[in-house]
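> Could you look at this predicted model? Sequence included:
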Amino acid sequence: MAKRRVLLTGASGSMGGEAFKELLRRRDRYDIVLLLRPDRREKRQFSQYENQEGIKVVWGDVRNADDVLEAVNGVDHVLHPAALIAPAADHNPPLANSINLGGTKNIIAAIKKQPNNGDNIRFVYVGSVAMYGDRLRPIHMARVGDPLKPSVGDFYATTKIAAERAVIESGLKYWASMRQTYIAIPNALSLLDPILFHQPVNTHIELITKESAGYGLAQCVEAPDEFYGRVYNMGGGPSCRVVYKDYLERMMRVYGLGDYRKIMPLNWFALRNFHCCWYEDSWVLNEYLGHWRHSLEDHCRQAEDATPWYVKLGARMAPTVAIRAFMKRMADPLKWVQNGEEQKVKAFFGSREAWERIPDWEDYVAEPAKEWERHGRLEQDEDTVDGMQRLAQSRGGQCLSTELGGVNTKLRWRCGFGHEWQATALCVRAGHWCPECAPPPWDYDAIAKVDPLLAGFYYNNHDKNESQKVEYLYCPNE
């Protein structure tokens, strides 16, 4: 039996790198094509595979249609985790858009240029948990179908949303999208980043190890046809769920930094406007891929094993005041307050007054463990015109079409502001709504007044009298 050919993008990343390792273990069944940038780091890492049997390396750029076409020609599967991620994406929106959205469109176009319009090719796109935006308790459980509401200033998330919409609406016969959660890397330096402070301490995280994520991506080549034509949430499952402050406590002790509360005051952390959540429905993807291979405990052991003894010793010996000063240099939210950056303060705290009310750690009272809420979400409705009308009404709009047609038939919709567009029912069911209202700019205070479903999530930690409209929070190359 002839081997099938798999194209993998992003093989130099954490998820893509592990997927590549897994595909190498299956070389008796699959040939591998890699699309890689011809820069020094990737040349050094992958040149060894250029002349190996069953592996083809295309040195190119996902933004270049010809490079993409060369990589896609003759393949049976396309696995696409490559992306420019935050914070780099937020500081260079044009580049992020050209890679994350433009690159995905190039792949779709290249697939359609294959025999039979690419109907024999299976395409798997990797999205992000950032597409859901802020999901603090009690709406900390997300599922496919929730409104996509990227946090203010999170340009990366907007490109992932636009790219997923392009995939769903592509007309390809076999496609799937997996909204990837936080990939936990057992490297002390990966946590020591300003993004450490962008997250509220009560953020709920369902992490996944890079090995589990990569294994899951590789497993897609084994998935049955019924796997395709759907959007999934990809997390590590219940054993990988944690609240951020508890995760911080464990990691800081692993790295020898001791009690994080002694070196990072509570008011260095944002109060809102990040992302991450627990997935209500991540089990659905695991039923197909069986990628729940590691738990939170496994990740903590990985981090312990990966941290050199001299790093731990140095951290334990360093004076608390020195560690605190080092951490303070990364505390972006504190800088925003001190520098009077009003738009960022409003987005991440609500106001300077809200920041001033943040207590010390000894006075901090964790939120009670109350039940999570579904805030007006509709259950899956039937595939009828009335069902589509109810779906549209939940978003404050209308379905203008009177016939449904097939799964790739685009219906006509109208949002609460009167904008009209075409989209498949599947796209709207997956949480996508009016493309004209989609950020940027971020104007949720206005949209929530006409979109009841989004309002049920947005008013979880926003006042109905707030007013903020933002084009970008970060200047290019800031």
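Yep, it's here. Numbers count the residues shown, from 1 in each chain.

> and the longest helix for the protein?
If you go by DSSP state H, the chain has its longest helix at helix 155-168.

> after that one comes which helix or strand?
Sequence order places strand 174-180 as the next helix or strand after helix 155-168, per DSSP states H and E.

> what lines up beside that next one in the sheet?
Sheet pairing for strand 174-180, assigned by DSSP bridges, gives strand 122-128 (parallel), strand 230-234 (parallel).

> Please name the nearest non-neighbouring residue to the most centrally placed residue in the chain.
Nearest to the centroid of the C-alpha atoms of the chain, with distances taken as CA atoms, centre = their mean, sits residue 128, at 1.6 Å. Counting by CB to CB, 6 or more residues apart in numbering, residue 128 lies nearest to residue 160, which is 4.7 Å off, once chain neighbours are set aside. Yep, even glycine has a C-beta here, placed from its N, CA and C like the rest.

> That neighbour contacts residue 131, doesn't it?
Yes - with contact defined as CB atoms under 8 Å, residue 160 reaches residue 131; the gap is 5.6 Å.

> ok, those two, which is more surrounded?
When residue 160 and residue 131 are compared for neighbours, residue 160 comes out ahead with 30 against 27, by other CB atoms under 10 Å.

> for that one, what are its contacts?
With contacts defined as CB atoms under 8 Å, 6 or more residues apart in numbering, the neighbours of residue 160 are 83, 100, 127-128, 130-131.

> ditto for residue 81
If you count contacts by CB under 8 Å, 6+ apart, residue 81 has them with 8-10, 13, 15-16, 19, 126, 180, 217.

> cutoff 7 Å now
9-10, 13, 15-16, 126, 217 (CB atoms under 7 Å, 6 or more residues apart in numbering).

> all helices for the stretch 51-200 of the chain, in order.
65-72, 88-91, 93-96, 103-112, 155-168, 188-191 (DSSP state H, counting those that start in this stretch).

> Quickly compare those and say which is most buried.
Relative to the other members of the helices of the stretch 51-200 of the chain, helix 155-168 carries the highest mean neighbour count by mean count of other CB atoms under 10 Å, namely a mean of 25.

> That one to helix 103-112, inter-axis angle?
Inter-element angle recorded for helix 155-168 and helix 103-112: 20 degrees (by axes from the mean of the first three to the mean of the last three CA atoms, to 10 degrees).

> chain center to helix 155-168, what's the gap?
Average the C-alpha atoms of helix 155-168, do the same for its chain, and the two points are 10 Å apart (CA atoms, centre = their mean, to the nearest Å).

> still on that earlier bit, export the contacts of residue 81 to JSON lines and append columns for neighbour count and secondary structure.
As requested, the contacts of residue 81 are exported to JSON lines (neighbours: other CB atoms under 10 Å; DSSP: H, G, I helix; E, B strand; the rest coil):
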{"residue": "9", "neighbour count": "26", "secondary structure": "strand"}
{"residue": "10", "neighbour count": "23", "secondary structure": "coil"}
{"residue": "13", "neighbour count": "20", "secondary structure": "coil"}
{"residue": "15", "neighbour count": "27", "secondary structure": "helix"}
{"residue": "16", "neighbour count": "25", "secondary structure": "helix"}
{"residue": "126", "neighbour count": "29", "secondary structure": "strand"}
{"residue": "217", "neighbour count": "28", "secondary structure": "helix"}
